[in-house]
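J.: Build me a model:
(one chain, ligands or ions: 1)
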Amino acid sequence: MSRAGTPLASLLGPWNMLLMSAYCLPRTLLKLLREGKYAVLLSPGRLQDAWFNDFWGGMAGPNIRRDAGIRVVPLLEGRASAGDVVDRQVVPGLAGTVVEVGAGAGLWVDVYPEVACVRASGEGEGEGEARRRNVGGSRAAVDGVITRVYGIEPNRDQHPALRRAIAAAGLEDVYRIVPVGVEDLDDATKWEGRVEKGSVDCIVSILCLCSIPEPEKNVRELYQYLKKGGRWYVYEHVRCEHSWYMRAYQGFLNLFWPHMIGGCQLNRRTEKTLREAGPWGKINVGQPSVEQWHQVIPHVMGVFEK
Ligand SMILES: C[S@@+](CC[C@H](N)C(=O)[O-])C[C@H]1O[C@@H](n2cnc3c(N)ncnc32)[C@H](O)[C@@H]1O
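T.: Next comes the predicted model:
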C-alpha cells in the first residue's frame with residue numbers, strides 16, 4: 001500500500017488488493033464449513049472478521065509489513081519528519097506505557113524490542129527484560145524502556161496470530177491484548193482490565209484509524225489517555241487531497257473497499273481528526289514525499305506530541 005510506482009501501477013494497485021481479498025473469501029467459507037462454524041457463516045460481522053483475518057493476517061500481511069516497514073520502524077524510533085524518514089532522531093522513540101490501536105495479527109509486535117528496551121512493568125531493574133537491540137548500530141538511539149503495551153484488537157480471529165507474534169518477540173510479560181474496540185476501552189463490563197486516562201506515554205496507530213467507528217469521537221477519547229508530553233505515532237492512509245479527480249476515483253473505490261477490506265474506509269481525513277482531537281504541544285507529520293499525484297491510497301506519517 002505504500003510503495004511509489006508508475007501511475008498505472010498505483011492507479012490499479014488497490015484493485016489488486018480487492019482481488020486478493022475476493023480470492024480469500026471462498027477459502028474462508030470452506031474453512032468455516034469444514035470446522036462446522038455455522039454460526040459465524042450466518043453472522044455478517046463475524047464472517048467479515050474471519051475473512052479479513054485470512055486476507056490481512058494470512059495473505060496481504062507480509063507485503064504490508066515489508067512495504068510499510070521501511071517507514072514504520074524509523075517512525076517508532078522517532079526518525080520521521082514532515083512525513084519522511086530522516087537519519088537523526090527528532091523525537092524520542094517509543095517508551096513507557098504504549099497503546100497500540102488496532103493491533104491486528106501483530107505485524108508490528110517484533111518492532112517493539114527493536115526500537116527500545118522492553119521490560120515488564122513492576123519488575124526489578126534488569127529483570128523481565130525481553131531484549132535490547134539498537135537498530136542500525138549507532139544510528140538509532142534507545143530512548144527508554146517500554147514497560148507495558150496494550151494492543152487493542154476487537155477482531156478475535158486475529159488474536160491467535162497476535163499471540164504468536166507476542167511470544168515470538170518474547171513479550172508475554174509486557175504485551176497485553178485488549179479484546180475490544182477503542183470505543184469500549186473505558187468500559188469495565190467489556191474487558192477485564194483498565195487503562196487510566198492520562199497514564200499513557202505513547203499511542204501507536206498504524207493503518208487502523210480507517211477502521212474504527214466514529215473516528216472524531218474515538219480519537220478525541222484516545223487523546224485523553226495520553227499523558228501531557230505523551231506522543232502519538234501515526235502511519236495512516238487518508239483521503240486524497242491532490243485533486244478532485246483523484247478524490248473521485250478514491251471515492252469510487254470506496255464503494256467496494258470497506259465491504260471487502262474489513263470495514264476500512266479509504267477517504268478519512270485522519271490528520272485533521274487528530275489535529276482537532278485536543279491541544280497538541282508539537283506536531284510533526286506529513287505525506288511521504290515519494291507519494292505522487294497518482295497515489296490512490298496516500299498516507300500521513302509522523303508524531304503528535306501532547
Ligand atoms: C487494516 S488493519 C491494520 C492492523 C495493524 N495495525 C497492521 O498494520 O497490520 C485495521 C485493524 O483495526 C482493527 N479495528 C477495527 N475496528 C476497531 C476498533 N473499533 N478499535 C480498534 N481496532 C479496530 C481491525 O480489527 C484491524 O485489525
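
J.: name the helices or strands packed onto the helix or strand bottoming out on mean pLDDT in the chain?
T.: Every helix and strand in the chain was compared by mean pLDDT, DSSP states H and E; the lowest is strand 117-118, with a mean of 84. If you count contacts as 3 or more Cβ pairs under 8 Å, 6 or more residues apart in numbering; DSSP states H and E, strand 117-118 packs onto strand 145-152. (C-beta placed from N, C-alpha, C; glycine too.)

J.: Would you list the strands that the strand it packs on pairs with, along with their directions?
T.: As defined by DSSP bridges, the strand partners of strand 145-152 come to strand 96-101 (parallel), strand 117-118 (parallel), strand 175-178 (parallel).

J.: Check which element follows that strand along the chain.
T.: Proceeding N to C from strand 145-152, the next assigned helix or strand is helix 159-168, under DSSP states H and E.

J.: how far is that next one from where the chain is centred?
T.: Counting by Cα atoms, centre = their mean, to the nearest Å, helix 159-168 is centred 16 Å from the centre of its parent chain.

J.: So that helix, near the ligand or not?
T.: No. Taking Cβ under 6 Å from any ligand atom as the criterion, helix 159-168 and the ligand are apart, separated by no less than 8.9 Å.

J.: Run the angle between that helix and strand 145-152 for me.
T.: 170 degrees (axes from the mean of the first three to the mean of the last three Cα atoms, to 10 degrees).

J.: So which residues make contact with helix 159-168?
T.: For helix 159-168, the surrounding residues in contact (Cβ atoms under 8 Å, 6 or more residues apart in numbering) are 53, 57, 103-107, 109-110, 151, 153, 172, 175, 177, 179.

J.: Please apply the same query to stretch 270-280.
T.: 209-210, 215-216, 219-220, 222-224, 232, 234, 236, 238, 283, 285, 300, 304-306.

J.: Which ones among these lie within helices?
T.: Within these, residues falling in helices by DSSP state H are 215, 216, 219, 220, 222, 223.

J.: What distance do you get for the second one to the ligand?
T.: This points to residue 216. 14 Å (Cβ to the nearest ligand atom, to the nearest Å).

J.: Identify the residues contacting that residue.
T.: With Cβ under 8 Å, 6+ apart, residue 216 has these contacts: 273, 276.

J.: now it: how far from residue 278?
T.: Distance of residue 216 to residue 278, given as Cβ to Cβ, to the nearest Å: 12 Å.

J.: ok, now the third one?
T.: Computed as Cβ to Cβ, the residue 219 to residue 278 distance reads 9 Å.

J.: quick one, which of the two is more surrounded?
T.: Comparing residue 219 with residue 278 by neighbour count (other Cβ atoms under 10 Å), the higher total belongs to residue 219, at 23 against 14.

J.: Contact partners for the more buried one?
T.: When contacts are counted by Cβ under 8 Å, 6+ apart, residue 219 touches 209, 212, 273, 274, 277.

J.: picking that back up, just the buried ones among the contacts of stretch 270-280, please.
T.: With burial judged by 16 or more other Cβ atoms under 10 Å, the buried subset of the contacts of stretch 270-280 is 209-210, 215, 219, 222-223, 232, 234, 236, 238, 285, 300, 304-306.
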